[in-house]
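Q: sequence and predicted structure below; questions after.
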Amino acid sequence: MPVETGGAGSVIFTSTNTVARLRSWSLDTSNDLVDTTSMDSTGHKEFAPGLRGATGSIVFLYDSTEETGQDAILDKVFAAAAFGDTLGAIELRHATGSGKARYTGNALFSGLSMSGAAHTNDPVEFTANFTLTGAPTRAAQA
């Protein structure tokens with residue numbers, strides 16, 4: 001069985017802003033468990049499914065000439081009400097091509113970290129964190 005690699009992955013905001021110099025992305029889904037244990041539970045905890053959610057991150061190298069995807073993120077960071085502000089529609093791909101999976105949702109920006117070490121001549125790297133509002137979807141690319 002063939003294995004997909006992430007070498008051709010991409011992140012797209014609002015259908016047109018592709019993030020350049022992408023290093024990696026992640027999408028983490030969760031399902032809250034509601035403790036329904038009662039005195040009738042005979043010594044064992046009981047749970048029921050609760051609310052579901054998804055968070056993720058995007059890691060990219062800073063490119064001062066890139067004016068679409070990176071700017072879409074960085075503009076949110078330095079806007080007055082950046083945290084919790086909507087980034088809008090986000091699309092994550094681990095590969096590009098017809099029939100390949102894509103993951104979509106409506107993202108809220110939740111944080112940004114920047115790093116770069118002058119003494120080691122490392123590139124400046126950004127990690128943008130987001131939370132999806134509503135359900136994420138998985139579908140094939142057209």
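A: Received, thanks.
Q: CA atoms of stretch 7-15 as CSV?
A: Provided in CSV are the C-alpha atoms of stretch 7-15 (Å, rounded to 0.1, in the frame of the first residue of the first chain):
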residue,chain,number,x,y,z
GLY,A,7,6.1,17.2,0.9
ALA,A,8,3.5,18.7,-1.3
GLY,A,9,1.2,19.9,1.4
SER,A,10,-0.4,23.3,1.5
VAL,A,11,-2.6,25.6,3.7
ILE,A,12,-5.1,28.0,2.0
PHE,A,13,-7.1,30.8,3.7
THR,A,14,-10.3,32.2,2.4
SER,A,15,-10.0,30.1,-0.8
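Q: and stretch 58-70, what's buried?
A: 58-61, 66, 69-70 (16 or more other Cβ atoms under 10 Å). Any C-beta I mention is one placed from the backbone N, CA and C, and that applies to glycine too.
Q: tell me which helix or strand of this protein sits lowest on mean pLDDT?
A: Within the chain, no helix or strand scores below helix 69-77, which has a mean of 76 by mean pLDDT, DSSP states H and E.
Q: now do the strands in this structure.
A: 10-13, 17-18, 22-35, 47-61, 86-93, 101-115, 125-140 (DSSP state E).
Q: tell me which of the ones you listed sits nearest to V3.
A: strand 101-115 (13.7 Å; Cβ to Cβ).
Q: since that was my last question, I'll sign off now.
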